[in-house]
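> coordinates for the following, if possible.
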Amino acid sequence: MKKLYLYLYLYLSLFLRLSYFIVSKSLIIIALLIIQKSFAVDGSFKSYFSSLKNPNENSADGLVTNTFRSKFTWTANEYYSFYAAYVLSANVQKNQITHSENTQKRDYRAYDLKTDLYPSNSSDASNMTLAQNLDRLFINYSFLGSNNISLGRQPVAFGSSKMVNPTDVLVPFTYQELDKEERIGVDAIRANISISALSMLDAGHVFGDNLNFSKSSTFLRWKLNLFETDISTMFMKFKKNLLIGMDLARNIGDASGWLEAAYVLPKYFDDFSNSGSDNGSDNDSDNDSDKNYFRGTLGMDYKLTPLIYSYLEYHYNSAGTLDTEKYISLALKTAYREGGVSLKGVHYLIPGITYEITPIWKLTGQFLYNIVDSSILNNTFLEHSFAQDVFIDLGTYLPFGKKFQLTQKSEFGDSPKIFYSSIRLYF
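Okay, here's the model as predicted:
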């Protein structure tokens with residue numbers, strides 16, 4: 001009888017262990033299959049070599065920038081998805097620099113990782129810097145069709161214009177940035193709620209440094225389609241300023257047109273008694289940093305032939321000035337310190353054209369023309385699709401205009417000449 005109990009015990013023990021092994025391995029296999037189906041890893045490696053020559057210097061300054069970006073996506077189910085992206089950037093420069101160059105502001109992040117990895121002390125000078133950026137970390141909840149709510153570090157951008165977006169004031173690109181593929185992430189909660197088949201509410205709050213409300217942004221945008229025209233109206237508080245924006249876009253025959261405009265009341269939420277201040281129509285009256293200002297962009301694009309694409313924009317910037325001698329003082333204005341404005345003049349024409357030489361070769365030319373001082377900043381680049389997900393670029397930024405003579409005579413005349421090449425790999 002004892003042997004029977006012993007055999008039964010051994011049998012049950014073996015059965016339970018075998019069952020545990022089969023069930024656990026099955027669960028692992030099922031989990032791996034689920035993860036493989038819902039989890040994706042991709043990214044890019046970009047290497048830029050640029051040569052920058054200032055007009056008053058005899059030699060050029062060289063810079064090599066290598067950027068590795070890894071992206072992670074996890075789709076848990078039809079409702080929840082998670083996104084993350086981490087960036088490492090290594091810069092090697094001819095002249096010593098004390099810290100990594102961040103071409104985009106990171107004002108709208110509640111908390112962040114330490115940017116500079118090497119040198120660890122930002123006061124140390126080095127020919128090489130290594131920087132990090134946790135650029136995406138957010139969760140998205142989708143419900144009832146096209147409705148969704150996202151929370152975390154994510155891209156937030158506005159406007160349909162191609163080169164200058166008046167309503168995009170949080171982390172806009174500057175004209176001379178080489179890498180414009182990914183908008184820098186900000187810490188935000190954002191909701192898109194469908195009102196009808198042709199209208200939607202877009203609302204959100206973008207957190208400032210240490211969750212300081214006076215350094216944060218809140219926006220409410222209403223998007224609808226009326227008479228075959230995409231219409232968007234927006235109210236935004238950014239830091240202590242108020243922005244009232246509008247964006248129209250529609251097809252006009254075989255072409256497309258757009259109108260984007262923003263009226264900004266600086267320090268509106270700081271002191272309501274200033275809400276009735278000068279409307280900013282006189283660009284040269286003073287350098288009051290709290291003067292209201294208006295920016296607008298009117299544009300159209302058209303495919304001239306199956307191989308030639310073109311566009312033209314006119315940009316008006318009342319935050320700027322008609323007097324070239326006052327360009328240097330504009331940095332004190334709220335528009336330039338907090339409003340994402342970088343252009344110093346008032347009236348601009350911005351034409352651009354792309355010619356598809358072959359399916360793997362494209363030539364693009366863009367011109368930023370200051371109508372008042374007649375200066376031009378030209379960006380021309382050649383793109384080659386070397387292989388699948390591998391691209392090679394050659395380009396220049398060339399300024400034209402009057403040079404500095406006791407005072408500044410033009411906006412772009414004293415800008416540096418930039419020659420660059422790049423290789424971009426995606427995986």
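> quick check, central residue of this structure?
R183 (2.4 Å; Cα atoms, centre = their mean).
> doesn't that one fall inside a strand?
No. Secondary structure of R183 (DSSP: H, G, I helix; E, B strand; the rest coil): coil, not part of a strand.
> that one - nearest residue in space that isn't next to it in sequence?
P155 (4.1 Å; Cβ to Cβ, 6 or more residues apart in numbering). The way it works is simple: take the backbone N, C-alpha and C, and place the C-beta from them, glycine included.
> residues near that neighbour, how many?
Close neighbours of P155, defined as other Cβ atoms under 10 Å, add up to 16.
> gap between it and A319?
To A319, P155 is 25 Å away according to Cβ to Cβ, to the nearest Å.
> ok, Y348 next?
Y348 sits 13 Å away from A319, going by Cβ to Cβ.
> check Y108 too.
20 Å.
> go on, L363?
34 Å.
> assign V87 to helix, strand or coil.
strand.
> same deal with the one 3 residues further on?
For A90, the secondary structure call by three-state DSSP comes out as strand.
> ditto for N56
Three-state call for N56 (three-state DSSP): coil.
> still on that earlier bit, more neighbours: which of L363 and A319?
A319 (24 against 13).
> who are the contact partners of the more buried one?
264, 280, 293, 295, 330, 333, 335-336, 339, 341 (Cβ atoms under 8 Å, 6 or more residues apart in numbering).
> does it sit in a helix, a strand or a coil?
A319 ends up coil, using three-state DSSP.
> quick check: it vs R424, distance?
A319 is 34 Å from R424, by Cβ to Cβ.
> can you check T65 too?
For T65, the distance to R424 - Cβ to Cβ - is 12 Å.
> which two of the contacts of A319 have the greatest separation?
Pairwise distances across those (Cβ to Cβ) peak at 14.6 Å, for the pair V264 and L330.
> who's more crowded, those two?
V264 (29 against 20).
> remind me which helix or strand the nearest residue to that one once chain neighbours are set aside belongs to.
Excluding the flanking residues, the one nearest V264 by Cβ to Cβ, 6+ apart is L243, at 5.0 Å. Counting by DSSP states H and E, the element that carries L243 is strand 241-252.
> which strands or helices does the next helix or strand after that strand pack on?
Counting by DSSP H and E, the element after strand 241-252 in chain order, helix or strand, is strand 255-265. Judged by 3 or more Cβ pairs under 8 Å, 6 or more residues apart in numbering; DSSP states H and E, the packing partners of strand 255-265 are strand 241-252, strand 293-305.
> switch the ones you listed over to CSV; also include distance to T129, mean pLDDT and mean neighbour count.
Formatted as CSV, the helices and strands packed on strand 255-265 follow (distance: least, Cβ to Cβ, whole Å; pLDDT from 0 to 100; neighbours: other Cβ atoms under 10 Å):
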stretch, distance to T129, mean pLDDT, mean neighbour count
strand 241-252, 33, 97, 18
strand 293-305, 34, 97, 18
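> can you redo those strands as CSV with distance to Y175?
Below are the helices and strands packed on strand 255-265 laid out as CSV (distance: least, Cβ to Cβ, whole Å):
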stretch, distance to Y175
strand 241-252, 20
strand 293-305, 13
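> among those, which comes closest to F207?
F207 sits nearest to strand 241-252 of all the helices and strands packed on strand 255-265, at 16.5 Å, using Cβ to Cβ.
> quick revisit: tell me the contacts of the residue nearest to R183?
So P155 contacts 136, 182-186 (Cβ under 8 Å, 6+ apart).
> which two of these have the greatest separation?
Maximum pairwise distance in these, criterion Cβ to Cβ, is 12.5 Å, between E182 and V186.
> pick out whichever of those two has more residues nearby.
The neighbour count for E182 versus V186, taken as other Cβ under 10 Å, is higher for V186 (27 against 16).
> if I look at that one, how far off is T115?
Distance from V186 to T115, counting by Cβ to Cβ: 15 Å.
> swap in Y369?
Noted for Y369: a distance of 35 Å to T115, by Cβ to Cβ.
> comparing these two, which shows the higher neighbour count?
A direct count of neighbours by other Cβ under 10 Å for Y369 and T115 places Y369 higher, at 20 against 15.
> buried sites along the helix or strand encompassing the more buried one?
In the assignment (DSSP H and E), Y369 maps to strand 361-370. Across strand 361-370, burial judged by 16 or more other Cβ atoms under 10 Å covers 362, 364, 366-370.
> E383: which of the residues you listed is nearest?
The nearest member of the buried residues of strand 361-370 to E383, counting by Cβ to Cβ, is K362 at 4.6 Å.
> contacting residues for that closest one?
So K362 contacts 354-356, 382-383 (Cβ under 8 Å, 6+ apart).
> alpha carbons of the helix or strand Y48 falls within, in PDB - could you do that?
Element membership for Y48 (DSSP H and E) is strand 39-53. Taking C-alpha atoms only, strand 39-53 is exported to PDB below (Å, rounded to 0.1, in the frame of the first residue of the first chain):
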ATOM      1  CA  PHE A  39       5.100  45.800 -29.900                       C
ATOM      2  CA  ALA A  40       7.200  47.600 -32.500                       C
ATOM      3  CA  VAL A  41      10.700  49.000 -32.300                       C
ATOM      4  CA  ASP A  42      12.100  51.300 -35.000                       C
ATOM      5  CA  GLY A  43      14.200  54.400 -35.300                       C
ATOM      6  CA  SER A  44      16.800  56.200 -37.200                       C
ATOM      7  CA  PHE A  45      20.500  57.200 -37.400                       C
ATOM      8  CA  LYS A  46      21.500  60.500 -38.900                       C
ATOM      9  CA  SER A  47      24.900  61.900 -39.500                       C
ATOM     10  CA  TYR A  48      25.300  65.600 -40.500                       C
ATOM     11  CA  PHE A  49      28.500  67.300 -41.500                       C
ATOM     12  CA  SER A  50      28.300  71.100 -41.700                       C
ATOM     13  CA  SER A  51      30.700  73.900 -42.500                       C
ATOM     14  CA  LEU A  52      29.800  77.300 -41.200                       C
ATOM     15  CA  LYS A  53      31.600  80.500 -42.300                       C
END
